[in-house]
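> Sequence first, then the predicted structure:
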Amino acid sequence: MARIEFRNLGHAYGANPTNPQDFALQPMNMVWEDGGAYALLGPSGCGKSTLLNIISGLLVPSHGQVLFDGKDMTQVPTRGRNIAQVFQFPVLYDTMSVYDNLAFPLRNRKVPEKEVHQRVHEVAEILGMTHELKVRAAGMSADAKQKISLGRGLVRKDVAAILFDEPLTVIDPHLKWQLRRQLKQIHQQLKLTLIYVTHDQVEALTFADEVVVMTNGKIVQKGTPDALFERPDHTFVGYFIGSPGMNFYPVSLNGEAGAVHIGQHRLAVDPATVAALKGANGKVSLGIRPEFVQLAAPGSPGALEADIWQVQQLGTCQLVTGTVAGHPLKAKLDSAVHVQAGRHWLRLARPETIFFCNDERIAG
Ligand SMILES: Nc1ncnc2c1ncn2[C@@H]1O[C@H](COP(=O)(O)OP(=O)(O)OP(=O)(O)O)[C@@H](O)[C@H]1O
């Protein structure tokens, strides 16, 4: 396994890029640690496949370098990189048995048969396919075939990294959960460098030690699932992670040491935070996750009036929908407190509140 490093790495598909919009991947520095389990998460078109193809060598970046264990691999083609890749759809030999499919990447590298036998059995055991080793792949379901593809990706011990490009797309939802758990287990056992591309936050958050969030060709945060939830570095992370995503309110300062304004409404905020916001040069916004909004007594310090027009019981909590100062609000409130549609006071300035300037976190 390898430590993979990007040095000022970026990619523009067209020649002569002149501005940031020309780049499918904005130039960046980044390290994927040896043995780390990463998820690469972002919406369609944000540049995930471009990034993966640069690591695997299918694409030579237009800018910068990619290094494996300190060695420059930028111009090295795929076959010289020792990368295993698992794609969205099964890649295997239909006419071969499950055993021969799993053995193929090892035999291709002239691994002795005794070792092949041992390794194929190890991987089959992890995937729960021990009893199907003699079965021909041709007659198997799409789920089973994709499991074989995963196995083919996992069977070699000597790869620099294993790249998964939305590998569970064709898998039945129940089995998906099971396979994700198995992948995590495999990572814990074998300490492989895994990069798992997905646009599904549940998949990313349950699989990875660290999640790399991308939007518009840019990595906006690399962090643990907890960090992405509690301290999003960018409004996109606040909005994309969580269900529903973070609430945002435009904020203005009016020279008061202990308050900011959301529209015409004064919001008491601790003076240290206001001081941090004073240096901001740009559009300032307050972000709070639905989970952290609290009901407050009417007129209490730090509270704002909200119009709530829908209350949905979710079992463990109630999801309320409405507006604050004319901006949308979603809050997950304790089910024990009975809330009805109407006017309520809510606390938005809390320890979990984050302030952003031009979409980047500056306080909280
Ligand atoms: N061969 C290409 N030539 C020109 N532009 C491309 C090419 N491949 C991708 N792009 C563009 O680069 C950007 C990033 O695409 P990429 O496929 O890397 O995104 P993605 O996050 O993997 O999307 P998806 O989840 O839909 O696969 C997009 O704007 C896409 O249109």
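Structure received.
> Neighbours of the closest residue in space to W32 that isn't next to it in sequence, how many?
Counting by Cβ to Cβ, 6 or more residues apart in numbering, the nearest residue to W32 once its immediate chain neighbours are dropped is I4, at 4.2 Å. All C-beta atoms are positioned from the backbone trio N, CA, C, and that covers glycine. By other Cβ atoms under 10 Å, 23 other residues sit near I4.
> how close does K332 get to the ligand?
According to Cβ to the nearest ligand atom, to the nearest Å, K332 stands 29 Å off from the ligand.
> What helix or strand is the residue lying closest to K218 once chain neighbours are set aside located in?
With sequence-adjacent residues excluded and distances taken as Cβ to Cβ, 6+ apart, K218 is closest to Q26, at 4.5 Å. Using DSSP states H and E, Q26 maps to strand 25-32.
> now that strand: mean pLDDT?
Mean per-residue pLDDT for strand 25-32: 96.
> ok, it: who's next to it in the sheet?
strand 4-11 (antiparallel) (DSSP bridges).
> Kindly export the partner strand (C-alpha atoms) in PDB.
Included here for strand 4-11 are C-alpha records, laid out as PDB according to Å, rounded to 0.1, in the frame of the first residue of the first chain:
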ATOM      1  CA  ILE A   4      -0.400   9.100  -2.300                       C
ATOM      2  CA  GLU A   5       0.300  12.800  -2.600                       C
ATOM      3  CA  PHE A   6      -1.000  15.500  -4.900                       C
ATOM      4  CA  ARG A   7       1.300  18.400  -5.500                       C
ATOM      5  CA  ASN A   8      -0.400  21.400  -7.000                       C
ATOM      6  CA  LEU A   9      -2.400  18.800  -9.000                       C
ATOM      7  CA  GLY A  10      -5.200  20.100 -11.200                       C
ATOM      8  CA  HIS A  11      -6.900  19.200 -14.500                       C
END
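> Enumerate every residue touching V260.
V251, S252, L253, N254, L267, V269, V274, L277, V284, L286 (Cβ atoms under 8 Å, 6 or more residues apart in numbering).
> And for L348?
N247, Y249, I262, L267, L286, I288, V293, G302, A303, L304, V324.
> on that earlier part again, determine which two of the contacts of V260 are furthest apart.
Maximum pairwise distance among the contacts of V260 (Cβ to Cβ): 14.7 Å, between N254 and L286.
> And the two? Which one has more around it.
Neighbours were counted for N254 and for L286 using other Cβ under 10 Å; L286 has more, 25 against 8.
> so where's the stretch 101-250 of the chain uncertain?
Applying pLDDT under 70 to the stretch 101-250 of the chain flags no residue at all.
> what packs against the longest helix anywhere in the chain?
In the chain, with assignment by DSSP state H, the single longest helix is helix 173-190. Judged by 3 or more Cβ pairs under 8 Å, 6 or more residues apart in numbering; DSSP states H and E, helix 173-190 is in contact with helix 113-127, helix 142-154, strand 194-198, helix 201-207.
> Write out the residues of the stretch 1-150 of the chain neighbouring the ligand.
Y13, A24, G42, S44, G45, C46, G47, K48, S49, T50 (Cβ under 6 Å from any ligand atom).
> any chance of the residues you listed in JSON lines, plus secondary structure and neighbour count?
JSON lines is the format used below for those (DSSP: H, G, I helix; E, B strand; the rest coil; neighbours: other Cβ atoms under 10 Å):
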{"residue": "Y13", "secondary structure": "coil", "neighbour count": "12"}
{"residue": "A24", "secondary structure": "coil", "neighbour count": "20"}
{"residue": "G42", "secondary structure": "coil", "neighbour count": "24"}
{"residue": "S44", "secondary structure": "coil", "neighbour count": "7"}
{"residue": "G45", "secondary structure": "coil", "neighbour count": "13"}
{"residue": "C46", "secondary structure": "coil", "neighbour count": "23"}
{"residue": "G47", "secondary structure": "coil", "neighbour count": "22"}
{"residue": "K48", "secondary structure": "helix", "neighbour count": "23"}
{"residue": "S49", "secondary structure": "helix", "neighbour count": "17"}
{"residue": "T50", "secondary structure": "helix", "neighbour count": "21"}
